[in-house]
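Colleague: pasting the sequence and the predicted coordinates here, then a few questions.
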Amino acid sequence: MTWHLSLDEMEKITQGILIDYGLNLNPKEPYPIPIEEIIEFQFELDILWEKIDHLDKTGDVMAAIFPDIRKIIMNESKKDLFEEKIGTRNFTFAHELGHWVLHANNQMQTPQKHDNNESIFYCRSGKGRPNIEKEADMFAGSLLMPKHIILNEMNKIGANKKITWKHLYKMQDQFNVSISALCYRLKDLGIVYIDNEQKIHRLDNVSGHLLFKL
Ligand SMILES: [Zn+2]
C-alpha cells in the first residue's frame, strides 16, 4: 500500500478522538492519555491477554487486533516487558487502536485471515515492518503525545532556550511514554533533531521566533 495519511491529517484524527473523550488539550502540565479507557469505553473494544507468539514465527509478536470480534489481544508472553515498561505498553495499546481507526474498515487494507477465517492484524516489533505498521505507530505517537500539549511545553521552555535531556525525561514521565517514542514524536513534529552523539538540536525556532504557534 502507499503511505496515505499526512501528519496533519493524523493530528486531526487523534485530536478529534481526544476531544470526543473530553480530554483537556490545553492543560498546565502534560498528563498520560488514558488509552485503555479510550479503547474500552469510547471504542468499545475488549482487551485480552493471551499467548499469541504463534501468529508469526519470524518476529516478536507484541499484540494483535481481531476487528470482526472487536478484540485487542496483548501477548501474554510479553507481560513482563509490558509491566516493566509502561510506556511500551501504552504505545502498543495506542498502536492497536490505530489499526482499528485507520485500517479495520478500510477496504484497501487486507488483514491476514486467522484459522477460523477471522480478520486479524498482528503486530511485531523490529525492522522491516509494513507501512500500515508505521502508520499505526504514527497514530499512537500523535494520540499519546498531543501536538498542542507538546507545543505548550516548548513555549514554556522558551524560544531561544536549549532543550535538554532533563526536559525530555520529565516530559516522557508526564506522558507515560518511552523516551524513544517521545524523541521520535518530537522529530516527526520537526521540533528536534538528535545526532549520533545524543546531542539535542532544536529546530523549531527561526531567528528567535517560535515557528509553531498554538
Ligand atoms: Zn500493528
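Modeller: Received, thanks.
Colleague: so for the chain, the centremost residue is which one?
Modeller: The residue lying closest to the centre of the chain (Cα atoms, centre = their mean) is residue 140, at 1.8 Å.
Colleague: grab the nearest non-local neighbour of that one.
Modeller: Once flanking residues are discounted, residue 140 sits nearest to residue 94: 3.6 Å by Cβ to Cβ, 6 or more residues apart in numbering. For glycine as for every other residue, the C-beta is placed from the backbone atoms N, C-alpha and C.
Colleague: how close does that neighbour sit to residue 163?
Modeller: According to Cβ to Cβ, to the nearest Å, residue 94 and residue 163 sit 24 Å apart.
Colleague: compare the two and say which is more crowded by neighbours.
Modeller: Taking other Cβ atoms under 10 Å, residue 94 and residue 163 do not tie; residue 94 has more neighbours (26 against 21).
Colleague: who are the packing partners of the one helix or strand that one maps to?
Modeller: Per DSSP states H and E: residue 94 is located in helix 86-98. When contacts are defined as 3 or more Cβ pairs under 8 Å, 6 or more residues apart in numbering; DSSP states H and E, helix 86-98 packs onto helix 35-37, strand 61-66, strand 71-75, helix 79-84, strand 119-124, helix 131-144, helix 179-188.
Colleague: how about a cut-off of 7 Å?
Modeller: helix 35-37, strand 61-66, helix 79-84, helix 131-144 (3 or more Cβ pairs under 7 Å, 6 or more residues apart in numbering; DSSP states H and E).
Colleague: distance of the residue of the chain found nearest the ion relative to residue 176?
Modeller: Closest to the ion within the chain is residue 123: 3.0 Å, counting by Cβ to the ion. Using Cβ to Cβ, we find residue 123 at a distance of 20 Å from residue 176.
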